[in-house]
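Colleague: sequence and predicted model, in that order:
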Amino acid sequence: MPQLFGSKELVDDVHKRDLCIGCGACVELCPYFKNYRGKTSQLFACSLSQGRCFAYCPKAEADLDELSRRMWNTSYDARPLGVYRAIVAARSGEAMPKGRFQAGGTVSALMVCAMQRGLVDVAALTGRNGLIPEPRLVTRWQDVPAAAGSQFMASPTLAGVNLAARQGYKKIGVVGTPCQMLAVAQMRTNPLAKEEHHVPVTLAIGLFCNWSLDTRQLNALLSGRVAAGTIRGMDIPPPPANVLILETDKGSEEISLSEIKPLIPHTCFTCLDLTSEFADLSVGMFEGRPGWNTLVVRSETAARLVADAQADGLLTTEPMPAETVAHLTAAAAAKKERSLRILLQRDLVNTVNGQRAAVRIPREAMARILPPRDSNR
Ligand SMILES: Cc1cc2nc3c(=O)[nH]c(=O)nc-3n(C[C@H](O)[C@H](O)[C@H](O)COP(=O)(O)OP(=O)(O)OC[C@H]3O[C@@H](n4cnc5c(N)ncnc54)[C@H](O)[C@@H]3O)c2cc1C
Ligand code: SF4
Ligand code: SF4
């Protein structure tokens, strides 16, 4: 485990280097960090030399090997899709209440099953107020579908996990992006080893994510074009569509991706994970099969939950075509390579000469991501 630091180092290493994604993992731990309209800031200085804020942050010396050993009992070897047991096609089943699901409703169905079966007593989900994504804590399975759908902005969802832990919930479920799943994996290890800091996450459902959008910049771009209060949902269909579609009360509005892509936070270009490798299970779109999801089953808990959801009629699965898995694997490998090059250019991999890194990766794993001439770091 690398040395842990406090909020001063978090601000220096993450905020000032423009690496903060606004995941919310450092919010609701103390009175000092707040997220406002997508941006996390420190309101007052804190003198603690070590803090959970630094320890949970997915952009502050995240040690992929340590996490992989703790979660999967194996060292981090940069395999493109991470450690998994199975990949299947999935969608919500007949017993699942209707909702405005992003694709097949697999995420919502799994969370409903987890709550019905008692695996989770509070779910940390993401809602939206106008065009501002917000954490939503849900304690009744009937309320899960109301938080369905993707908000394609970076969201402070994990503030909800910290709040739930503080409120004394003992079985927390959470849905989030790969960077958020990395933070959750760090939370689960209780890095400061204090009993009162235990975060009882019993289920982490990860999403696939190639990039997200900066909330403030998206609001600025759309101001005067779309009334935020009229937006019902958003979608980014697979290529060749090349648009962000906003479903509004007055119909749908298409925004070209060439307008949208400049709003991607730079930190997304330093992100190595497409498929939430540190979640119990991961869910993404099934390109070419609308209404279905790709479901990656990783942990034992996840395998049991999928079986339970099928038995309860909440989930339907089918085998995943080998060419779809190959396509996903290639996309995940490409993201790793692209991001590792940028991390290396910025001296953000493995602490060198006292400069703290954003991420720690074994050399052998780097060599698997990059051709040999680039990996002698
Ligand atoms: C920023 C972002 C980028 C994505 N990029 C890709 C991609 O490149 N390729 C791909 O295949 N899939 C991507 N997805 C995932 C995809 O959009 C669907 O979420 C996924 O396929 C699950 O579909 P579903 O019908 O099962 O979800 P639903 O049952 O509709 O549930 C969606 C869940 O996502 C949660 N959620 C919504 N917005 C956010 C957010 N901003 N942060 C954290 N949690 C959120 C909700 O709380 C809800 O629980 C992305 C999602 C997000 C949020
Ligand atoms: S924990 Fe999340 S919100 Fe806090 S500094 Fe790190 S990336 Fe930003
Ligand atoms: S690309 Fe990575 S850093 Fe950006 S939102 Fe997605 S998971 Fe987080």
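Modeller: Structure's in. What do you need? Numbers count the residues shown, from 1 in each chain. Ligands and ions are numbered 1, 2, ... in the order given.

Colleague: and the closest residue to H266 other than its chain neighbours, how far is that from K59?
Modeller: Distances taken as C-beta to C-beta, 6 or more residues apart in numbering put D18 closest to H266, at 5.4 Å, once the chain neighbours are dropped. Just so you know, the C-beta spots here come from the backbone N, C-alpha and C atoms, and that holds for glycine as well. Applying C-beta to C-beta, to the nearest Å, the value for D18 to K59 is 10 Å.

Colleague: which neighbours do these two share?
Modeller: By C-beta atoms under 8 Å, 6 or more residues apart in numbering, D18 and K59 have these common neighbours: T267.

Colleague: how about stretch 46-57: buried residues?
Modeller: For stretch 46-57, the neighbour count (16 or more other C-beta atoms under 10 Å) marks 46, 51-57 as buried.

Colleague: now swap in stretch 179-197 and tell me
Modeller: Of the residues in stretch 179-197, those buried by neighbour count under the rule 16+ other C-beta under 10 Å are 179-189, 191.

Colleague: lowest-confidence one in those?
Modeller: Within the buried residues of stretch 179-197, pLDDT reaches its minimum at P191, with 88.

Colleague: ok, that residue touching C57?
Modeller: No: contact criterion C-beta atoms under 8 Å: P191 and C57 do not qualify, at 10.7 Å.

Colleague: tell me which parts of the chain are close to ligand 3?
Modeller: 21, 154, 177-179, 209, 211-212, 267-268, 271 (C-beta under 6 Å from any ligand atom).

Colleague: among the buried residues of stretch 179-197, which are in helices?
Modeller: The helices, defined by DSSP state H, take in 179-188 from those.

Colleague: any idea which of those is closest to G118?
Modeller: R188 (19.3 Å; C-beta to C-beta).

Colleague: quick one: terminal-to-terminal distance for stretch 188-198?
Modeller: Terminal residues of stretch 188-198 lie 7 Å apart, using C-alpha to C-alpha, to the nearest Å.

Colleague: pLDDT score assigned to the closest residue to ligand 2 within the stretch 51-200 of the chain?
Modeller: Nearest to ligand 2, among the residues of the stretch 51-200 of the chain, is C57, at 3.3 Å (C-beta to the nearest ligand atom). At C57, the pLDDT value in this model is 98.

Colleague: what do you get for Q355?
Modeller: The model reports Q355 with a pLDDT of 84.

Colleague: list the contacts of it.
Modeller: By C-beta under 8 Å, 6+ apart, the residues touching Q355 are D347.

Colleague: any idea how far Q102 is from the spatially most central residue of the chain?
Modeller: For the chain, the residue nearest the mean C-alpha position is T177 (1.4 Å; C-alpha atoms, centre = their mean). According to C-beta to C-beta, T177 stands 13 Å off from Q102.

Colleague: rewinding a little: which of the ones in helices among the buried residues of stretch 179-197 lies closest to ligand 1?
Modeller: Each of these was checked against ligand 1 using C-beta to the nearest ligand atom; the closest is Q180, at 6.2 Å.

Colleague: hmm, that closest one is touching P156, no?
Modeller: No: Q180 lies out of contact with P156 (C-beta under 8 Å); the separation is 9.5 Å.

Colleague: joint contacts of these two?
Modeller: Common neighbours of Q180 and P156, counting by C-beta under 8 Å, 6+ apart, are 23-24.

Colleague: what is the burial count for the closest residue to I264 other than its chain neighbours?
Modeller: Spatially, and ignoring its direct neighbours in sequence, I264 is nearest to W211 (4.5 Å; C-beta to C-beta, 6+ apart). Neighbourhood size, W211 [other C-beta atoms under 10 Å]: 18.

Colleague: over to the one 4 residues further on?
Modeller: One way to gauge burial is a neighbour count; for T215, by other C-beta under 10 Å, it gives 26.

Colleague: now do A220
Modeller: 11.

Colleague: state the distance from it to W211.
Modeller: Going from A220 to W211 by C-beta to C-beta gives 18 Å.

Colleague: again with N293
Modeller: From N293 over to W211 the distance is 19 Å, taken as C-beta to C-beta.

Colleague: which positions in the helix of greatest length in the chain come out as buried?
Modeller: Among the segments of the chain that qualify as a helix by DSSP H, the longest is helix 322-345. Judged by neighbour count using 16+ other C-beta under 10 Å, the buried positions of helix 322-345 are 324, 328-329, 331-333, 335-337, 339-340, 343-344.

Colleague: now, which of the residues you listed sits nearest C26?
Modeller: Nearest to C26, judged by C-beta to C-beta, of the buried residues of helix 322-345 is L343 at 20.9 Å.

Colleague: so the closest one touches V359, yeah?
Modeller: Yes: with contacts counted by C-beta under 8 Å, L343 reaches V359, the gap being 6.5 Å.

Colleague: now do the strands in the stretch 101-250 of the chain.
Modeller: 122-129, 132-138, 172-176, 201-207, 231-235, 243-248 (DSSP state E, counting those that start in this stretch).

Colleague: in the first one, which residues are buried?
Modeller: Neighbour counts using 16+ other C-beta under 10 Å place 122-128 of strand 122-129 among the buried residues.
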